[in-house]
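1. what follows is a predicted protein model with its sequence.
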Amino acid sequence: MLETGRRILEYLDCFVVYYSIQLGRCVLFSFAALAVVLLLRHTCFKKRIFLKGMCWAVFLVIPFVGRLKLFYQSPWMVRMFWWWNYACMEFAWVRYGYLAGMFVTAAVIFIRRRRVKNFVSGMKKWDLNGHEVWVGDLSFTPFATGLIRNRVVLPRVITEIFLPEELQLVYLHEQTHIRLGHLWLYLLWDIGRSLLWLNPFLTLCTKNVREDLEDICDQVTIQKSGRSAYEYGKLLLKCMSLLGAESVNPEAAFAERREYRITKKRFTHIAEFRPYKKYRAFVICISGIVAVLGLFCLIHGNSYPNYTEDNEILILSDENKFVEISNKTALHCAIEIGKDEVKVDQKAMNHIFEEQEIHLDSYSILFGGFIKMPGIGGGGNAVYVDKKQGDGLLRLSYQNNDTRFLTLLFKWV
């Protein structure tokens with residue numbers, strides 16, 4: 001029982017080391033990516049609302065850059081990132097501190113989302129011209145929530161004051177958020193900033209993400225509704241004036257009262273609305289998806305796989321010192337690795353030792369295992385050889401650690 005517990009803790013520690021190193025590299029990459037995105041938002045894409053919103057999609061691939069071979073093959077990358085590798089491997093408080101920060105950030109986000117779910121669960125269903133909406137008595141801005149079971153949530157006060165066509169426009173705005181997949185994008189953003197929590201600017205830029213997706217939703221809603229930008233802006237202003245509370249929802253809200261600069265910018269974009277061609281918007285969307293998938297494939301093609309089998313055979317002396325064998329071909333001919341036993345040709349091994357003037361009466365043969373990335377791996381087996389056992393062919397049985405559940409799990413995570 002104690003042995004099993006020890007093995008579990010060892011694999012858990014390897015898991016934490018492996019992912020803390022990877023995610024730490026991703027954090028450093030995220031600073032550069034964020035700088036590029038913010039630069040594009042304020043220059044090339046400043047008036048291109050769809051492109052400005054889509055440039056945030058680059059963060060979908062940032063959490064996968066930690067396994068790039070570049071970190072070991074480029075001298076300047078090694079110098080830049082090796083300190084983080086060393087810190088995670090040598091200091092438990094560094095790697096477990098990163099893990100703890102990630103869980104705390106995720107917990108805070110989960111609690112906020114749970115609060116929204118509980119807030120909506122007590123509301124009553126209401127029919128809006130054949131559409132289901134949920135109506136609450138408190139003062140809050142209309143919003144959409146729910147990843148699978150989507151809900152449009154409205155405050156009772158606007159259902160009593162707004163005209164039917166005005167309510168329909170508010171509903172269309174929230175449905176547009178749902179149809180464009182914005183609720184899923186908010187979730188992915190929250191997951192990303194939880195994994196990369198050491199970059200506080202990702203959390204600070206959440207409002208920028210919301211701002212850009214809100215601008216896209218405004219453009220699509222105006223075109224889809226057939227109403228003028230003036231009518232849409234007037235309704236938005238009416239809603240903001242009527243409701244004096246912030247939305248409890250951290251996602252998509254129609255008339256959230258934010259800082260003056262952001263609100264002014266939103267109304268400016270609404271006023272500058274020009275009908276767009278749907279096929280052009282579709283092409284931009286598909287091009288963005290293809291670009292992200294292409295970037296992901298490029299990263300995957302230049303990264304280490306989940307694991308690589310370690311086919312090397314090592315000789316360990318009784319003093320726990322590795323013995324370097326120069327003739328690897330002869331070593332592999334003298335030792336045959338089977339599923340449950342190792343065949344050792346003692347005569348061939350003695351010849352190898354004599355060639356290199358190695359004097360060992362007994363030794364261990366280490367083999368098997370796997371490598372996740374240079375310096376990080378697991379598994380492996382060993383058998384003990386005593387020369388007194390004879391000069392013929394030895395058959396040494398062993399229990400294959402590479403088939404254990406924890407080893408297989410660590411291979412694939």
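-> Structure's in. What do you need?

2. so where do the strands sit in the stretch 101-250 of the chain?
-> 124-128, 131-136, 143-145, 151-155 (DSSP state E, counting those that start in this stretch).

3. an error on my part: the question was meant for the stretch 251-400 of the chain.
-> 252-253, 308-309, 314-317, 322-323, 335-337, 341-345, 362-367, 370-373, 376-378, 381-386, 393-397.

4. which strands and helices sit next to the fourth one?
-> Using 3 or more Cβ pairs under 8 Å, 6 or more residues apart in numbering; DSSP states H and E as the contact criterion, the secondary-structure elements in contact with strand 322-323 are strand 314-317. All C-beta atoms are positioned from the backbone trio N, CA, C, and that covers glycine.

5. also the last one?
-> Strand 393-397 sits against strand 341-345, strand 381-386, with contacts defined as 3+ Cβ pairs under 8 Å, 6+ apart.

6. got the angle for that strand vs strand 381-386?
-> Going by axes from the mean of the first three to the mean of the last three Cα atoms, to 10 degrees, strand 393-397 is angled at 140 degrees with respect to strand 381-386.

7. partner strands of strand 393-397, with direction?
-> strand 341-345 (antiparallel) (DSSP bridges).

8. what about residue 220, how many residues close to it?
-> 21 (other Cβ atoms under 10 Å).

9. now do the buried residues in stretch 386-404.
-> 394, 396, 398, 401, 402 (16 or more other Cβ atoms under 10 Å).

10. as CSV, those residues with distance to residue 178 would be great.
-> Converted to CSV, those look like this (distance: Cβ to Cβ, whole Å):
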residue, distance to residue 178
394, 68
396, 64
398, 57
401, 50
402, 47
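
11. circling back: for residue 32, find the nearest of the strands of the stretch 251-400 of the chain.
-> Shortest distance between residue 32 and those, using Cβ to Cβ, is found for strand 370-373: 21.5 Å.

12. tell me the strands beside the closest one, with direction?
-> Paired strands of strand 370-373, defined by DSSP bridges, are strand 308-309 (antiparallel), strand 376-378 (antiparallel).

13. any residues touching the longest one, and which ones?
-> Residues outside strand 376-378 that contact it (Cβ atoms under 8 Å, 6 or more residues apart in numbering): 11, 14, 17-18, 21, 307, 310, 369-372, 407, 410-411.

14. return the member of these nearest to residue 272.
-> So of the contacts of strand 376-378, ranked by how close each gets to residue 272 (Cβ to Cβ), first place is residue 21, at 46.5 Å.

15. isn't that closest one right next to residue 87, touching?
-> No - if you go by Cβ atoms under 8 Å, residue 21 and residue 87 don't touch, sitting 9.1 Å apart.

16. for the two, indicate the residue with more neighbours.
-> Neighbour totals were compared for residue 21 and residue 87, and residue 21 leads with 26 against 16 (other Cβ under 10 Å).

17. contacting residues for that one?
-> So residue 21 contacts 66, 84, 85, 88, 89, 376 (Cβ under 8 Å, 6+ apart).

18. distance of residue 310 from residue 67?
-> Separation of residue 310 from residue 67 (Cβ to Cβ, to the nearest Å): 17 Å.

19. which one's more surrounded, those two?
-> residue 67 (21 against 18).

20. flag the shaky bits of the stretch 201-350 of the chain, pLDDT-wise.
-> Filtered on pLDDT under 70, the stretch 201-350 of the chain yields the residue ranges 244-261.

21. one more time with 90
-> 225-227, 233-288, 306-313, 315, 317-334, 338-341, 345-350 (pLDDT under 90).
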